[in-house]
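J.: Sequence plus predicted model, see below.
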Amino acid sequence: MAGKKREKERERAFYENGSKLHEKLIASCNGRPIPIRSYSCEELQRATNNYDPSRIFHTNWISKWYHGSFEGRMISIKKYLKHHGDKIFTDIAVTAKMSAHNNVLKLIGCCLETQVPISVYESAANGSLSSRLYNVTSDLDGAQQHQREPLSWQSRLKIAREIAHAISYLHTAFSRPIVHRNIKPENVLLDQHDVAKLTDFSLSISIPEGETHVEDVICGTACFLCPHYLATNYITEKVDVYSFGSFLLQLLTGQRLHELFSSTDYFNVEDFENDRKRFTINEVVDAAILVEEEGSVVWQQLEAVLQLALICRKKDPEIRPDMVDVTKELRKIERFIL
């Protein structure tokens with residue numbers, strides 16, 4: 001009797017989740033939904049050894065991420081902590097749409113038989129950028145994280161350029177620009193070659209065709225939120241530009257933003273430009289970079305990235321560059337090393 005009840009619950013969940021996801025995919029993909037592989041509950045249980053806690057490699061506000069193995073292939077499984085309504089279906093639909101980009105974690109499929117859908121992705125073997133950047137083990141970063149060598153400056157610069165390219169694609173590749181709204185190190189995962197992969201499109205929103213903005217409630221992470229968005233509820237691509245500026249600051253400093261802002265006053269463009277005699281780059285750059293890197297080229301790169309971060313964080317959205325120009329600038333900065 002219990003088995004029949006469980007089977008009915010699965011069927012109901014599959015139907016309800018499937019119809020919601022199909023609707024979201026059709027809306028997101030201009031009436032041509034992307035096919036997504038369907039996994040059973042048992043397949044994902046076997047893939048994760050029944051969701052063994054030792055396989056958790058990252059946890060955030062919405063989900064736990066597990067390393068898994070299926071049919072001889074390493075995969076990542078995203079198990080949502082609870083049902084977040086449309087956010088989950090938005091995450092799956094936008095990720096499916098973006099999966100062709102090399103710097104977005106590719107969605108392979110999902111399990112719709114559970115009350116809360118479970119997503120399956122390509123492997124993020126090297127875990128989250130946040131755990132590598134801060135080089136600490138915490139409950140938020142998962143049970144399996146260990147102290148590792150800090151990321152080199154050139155690795156950080158490459159990650160910045162890769163994520164900028166993914167955001168540029170999000171903004172420009174479709175008839176309706178998509179704004180991520182939650183760009184931060186916790187939403188960047190690394191594959192076995194340390195290629196950066198943008199994830200978590202649960203807060204993403206499209207700007208209607210022919211419009212310059214869309215209006216919505218405030219969503220995102222403190223310190224990454226655009227002041228203009230906070231004041232007006234207006235969302236444009238410049239919301240992501242502001243967040244990316246904060247992202248660059250964390251790559252440079254190796255600190256979480258609330259720690260950074262409590263220790264220095266130098267994070268607006270005016271202070272940086274007007275007080276250079278008193279302010280040196282080594283006051284804020286991650287000590288791990290300063291120990292490892294030497295030479296005038298690296299100092300030029302550090303200065304240039306800091307300047308770019310601060311311009312991206314300008315209070316007036318009109319003054320901020322767009323992400324295509326940010327990506328071009330990061331490519332130029334990388335070439336300093338040649």
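T.: Nice, thanks for sending it over.

J.: I figured Arg132 was touching Ala124, is that so?
T.: No: in this structure Arg132 lies outside contact range of Ala124 using C-beta atoms under 8 Å: 11.5 Å. Heads up, the C-betas are built off the backbone N, CA and C, glycines and all.

J.: Return every residue with contacts to both of the two.
T.: Residues touching both Arg132 and Ala124 by C-beta atoms under 8 Å, 6 or more residues apart in numbering: Leu190.

J.: Quick check: Ile62 touching Asp200?
T.: Yes: counting by C-beta under 8 Å, Ile62 does reach Asp200; the two are 7.1 Å apart.

J.: Neighbour count: those two, which is higher?
T.: Asp200 (25 against 17; other C-beta atoms under 10 Å).

J.: quick one, what contacts the nearest residue to that one once chain neighbours are set aside?
T.: Using C-beta to C-beta, 6 or more residues apart in numbering and skipping residues adjacent in sequence, the residue nearest Asp200 is Asn187, 4.3 Å away. By C-beta under 8 Å, 6+ apart, Asn187 lies in contact with 60, 198-200.

J.: Show the model's pLDDT score for Asn187.
T.: Model confidence at Asn187, given as pLDDT, is 96.

J.: Among the contacts of Asn187, which are located in helices?
T.: Among the contacts of Asn187, none falls in helices (DSSP state H).

J.: Just the ones of the residues you listed in strands?
T.: Mapping the contacts of Asn187 onto strands (DSSP state E) picks out Leu198.

J.: could you dump the contacts of Asn187 to CSV with pLDDT?
T.: Formatted as CSV, those follow (pLDDT from 0 to 100):
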residue, pLDDT
Asn60, 81
Leu198, 98
Thr199, 96
Asp200, 95
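
J.: Kindly indicate which of the contacts of Asn187 lies nearest Lys97.
T.: Among these, Leu198 lies closest to Lys97 (C-beta to C-beta), at 12.6 Å.

J.: Could you tell me which strands sit next to the helix or strand harbouring Ser76 in the sheet, and their orientation?
T.: Using DSSP states H and E, the element containing Ser76 is strand 73-80. Here strand 73-80 is paired, per DSSP bridges, with strand 63-70 (antiparallel), strand 118-122 (antiparallel).

J.: Need those strands in TSV (columns: mean pLDDT, distance to Glu149 and mean neighbour count).
T.: Listed next are the strands paired with strand 73-80 as TSV, based on pLDDT from 0 to 100; distance: least, C-beta to C-beta, whole Å; neighbours: other C-beta atoms under 10 Å:
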stretch	mean pLDDT	distance to Glu149	mean neighbour count
strand 63-70	95	20	21
strand 118-122	94	24	22
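
J.: so which of those comes closest to Tyr39?
T.: Minimum separation from Tyr39 across the strands paired with strand 73-80 (C-beta to C-beta) falls at strand 118-122, 5.8 Å.

J.: following the closest one, which helix or strand comes up?
T.: In N-to-C order, the element after strand 118-122 by DSSP H and E is helix 129-134.

J.: other SSEs contacting that next one?
T.: Applying 3 or more C-beta pairs under 8 Å, 6 or more residues apart in numbering; DSSP states H and E, we find helix 129-134 packed against strand 188-190.

J.: how distant is the strand it packs on from the center of its chain?
T.: The chain centre lies 7 Å from the centre of strand 188-190; the measure is C-alpha atoms, centre = their mean, to the nearest Å.

J.: where are the low-confidence patches of the chain?
T.: Scanning the chain for pLDDT under 70 picks out 1-34, 135-148, 261-280, 291-295, 337-338.

J.: What ranges does it have for its strands?
T.: With DSSP E as the criterion, the chain has strands at 37-38, 56-59, 63-70, 73-80, 107-111, 118-122, 178-179, 188-190, 196-198, 205-206, 214-215, 234-235.

J.: Can I get those in CSV including distance to Phe244?
T.: Below are the strands of the chain laid out as CSV (distance: least, C-beta to C-beta, whole Å):
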stretch, distance to Phe244
strand 37-38, 32
strand 56-59, 20
strand 63-70, 22
strand 73-80, 23
strand 107-111, 23
strand 118-122, 22
strand 178-179, 12
strand 188-190, 11
strand 196-198, 11
strand 205-206, 17
strand 214-215, 19
strand 234-235, 15
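
J.: Ok, which of those comes nearest Thr327?
T.: Using C-beta to C-beta, the nearest of the strands of the chain to Thr327 is strand 196-198, at 12.9 Å.
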